[in-house]
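# Provided below for reference: sequence and predicted model.
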Amino acid sequence: MEITASVGAWEKGAKNLAPDVTVVQQLLTQAAQLLGRPEINPGGVDGAIGRPPRSSGTVKAIRAFQSLSGFGVDGRIDPGGRTWQRLAAVVEGSVSVPPPGDTCFPFAQPATADWAHSPRSFGSNRNGGKRAHAGCDLYAPVGRTIYAVRDGTVLRDPYAFYAETDALEIDHGDFVLRYGEIKPGCTLRKGDTVKIGQPIAKVGLLIGINVPSAMLHLEMYKGDASGSLSQKSADTSAKRRDGVPFMRRADLIDPTPFLNDWKTRLATP
């Protein structure tokens, strides 16, 4: 499915051609069902959006979806834009959100900056645009406790990751997380089981780089591929929509919508 012109809030310049509105309403309806999120259901498929001041269920649904995705909330979807790409990805099944209640945020406090904007966001440019950022960076003080977001099993011993920090990989059932840039000294080992909200590591300090240097770098994978999460060849790597490689395993997915959901359920120490 495609749209030819913008859909959404009239006051934001949306064109709202009936065939395009119909497509967006259909996708929002499907996404609401897939994610279990009634707030992104437009309330019907009729190919029309009421003009202000009349309330539009479709515009409300677009805004709710943008908020869930961590995007700027303007109530408008443009062809090929971020909101369109994310909506299409949800319906295609490459992005999902676990049911509420069985997951939590990896910190007991909010991160000190959002993870939806560059350079912290998934897909941001790295190495002058030659590589894409493979996760979301959650800025936090050095030593802050990191908690398991869900029950799971440790896939391998902690290992050296980047700039004198370590990483820990945990299979959480529906997805695999790499908790990266953690402080060396994590005592978990391959085969250990963890429970939701269990302390698993601490935020590490990146040594020798000229950017904010304390964070949890969180990567997410579907878990339906095998081999190392990091890839040395662009040919075997997951790629951004424009073809730029992440240099990560092919089942890499965007953690942003998950984190946007989990942030309302901080870990309980």
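That came in fine, so what should we check first?

# quick one, what contacts the residue nearest to residue 39 when sequence neighbours are not counted?
Spatial nearest neighbour of residue 39, excluding adjacent residues (Cβ to Cβ, 6 or more residues apart in numbering): residue 64 at 4.3 Å. Where C-beta positions appear, they are placed from N, C-alpha and C, glycine not excepted. For residue 64, the contacting residues are 37, 39-40, by Cβ atoms under 8 Å, 6 or more residues apart in numbering.

# all helices for the chain, in order.
18-35, 57-69, 82-92, 256-262 (DSSP state H).

# so for the longest one, what gets flagged as buried?
Applying a neighbour-count criterion of 16 or more other Cβ atoms under 10 Å, one finds 20-25, 27-29, 31-32, 35 buried in helix 18-35.

# closest one of those to residue 141?
residue 35 (32.4 Å; Cβ to Cβ).

# tell me the pLDDT at the closest one?
Residue 35 is assigned 78 on the pLDDT scale.

# that one touches residue 93, doesn't it?
No. Using Cβ atoms under 8 Å, residue 35 is not in contact with residue 93; the gap is 11.2 Å.

# what's stretch 30-50 in contact with?
With Cβ under 8 Å, 6+ apart, stretch 30-50 has contacts from 7-8, 10, 14, 16, 18-19, 21-22, 24-26, 28-29, 56-61, 64-65, 68, 87, 90-91, 93, 96-97, 99-100.

# how long is that stretch end to end?
21 Å (Cα to Cα, to the nearest Å).

# if you count neighbours, what's buried in that stretch?
Going by 16+ other Cβ under 10 Å, stretch 30-50 has these buried residues: 31-32, 35, 37, 40-42, 45, 47, 49.

# of those, which belong to strands?
Assignment to strands by DSSP state E places none of the buried residues of stretch 30-50 there.

# closest one of those residues to residue 187?
residue 35 (35.7 Å).

# how about the contacts made by residue 189?
Contacts here follow Cβ under 8 Å, 6+ apart; on that basis residue 189 touches 154, 157.

# list the buried residues of stretch 155-165.
By neighbour count with 16+ other Cβ under 10 Å, stretch 155-165 contains the buried residues 155, 158, 161, 165.

# put together JSON lines for these, with pLDDT and distance to residue 139 on each row.
Below are the buried residues of stretch 155-165 laid out as JSON lines (pLDDT from 0 to 100; distance: Cβ to Cβ, whole Å):
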{"residue": "155", "pLDDT": "97", "distance to residue 139": "26"}
{"residue": "158", "pLDDT": "97", "distance to residue 139": "21"}
{"residue": "161", "pLDDT": "95", "distance to residue 139": "17"}
{"residue": "165", "pLDDT": "96", "distance to residue 139": "14"}
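
# so which of those comes closest to residue 111?
residue 165 (16.7 Å).

# any idea what the nearest residue to the closest one once chain neighbours are set aside is bridged to?
Distances taken as Cβ to Cβ, 6+ apart place residue 204 nearest to residue 165, at 3.7 Å, with adjacent residues excluded. Assessed by DSSP bridges, residue 204 has beta-bridge partners residue 215.

# give me the distance between residue 204 and residue 117.
Distance from residue 204 to residue 117, counting by Cβ to Cβ, to the nearest Å: 22 Å.

# same deal with residue 82?
Applying Cβ to Cβ to residue 82 and residue 117 gives a distance of 11 Å.

# then residue 150?
As for residue 150, its distance to residue 117 is 26 Å (criterion: Cβ to Cβ).

# try residue 138
According to Cβ to Cβ, residue 138 stands 13 Å off from residue 117.

# give me the more crowded residue out of the two.
Neighbours were counted for residue 138 and for residue 117 using other Cβ atoms under 10 Å; residue 138 has more, 26 against 12.

# that one is in contact with residue 115, isn't it?
Yes. Between residue 138 and residue 115 there is a contact at 5.9 Å, judged by Cβ under 8 Å.
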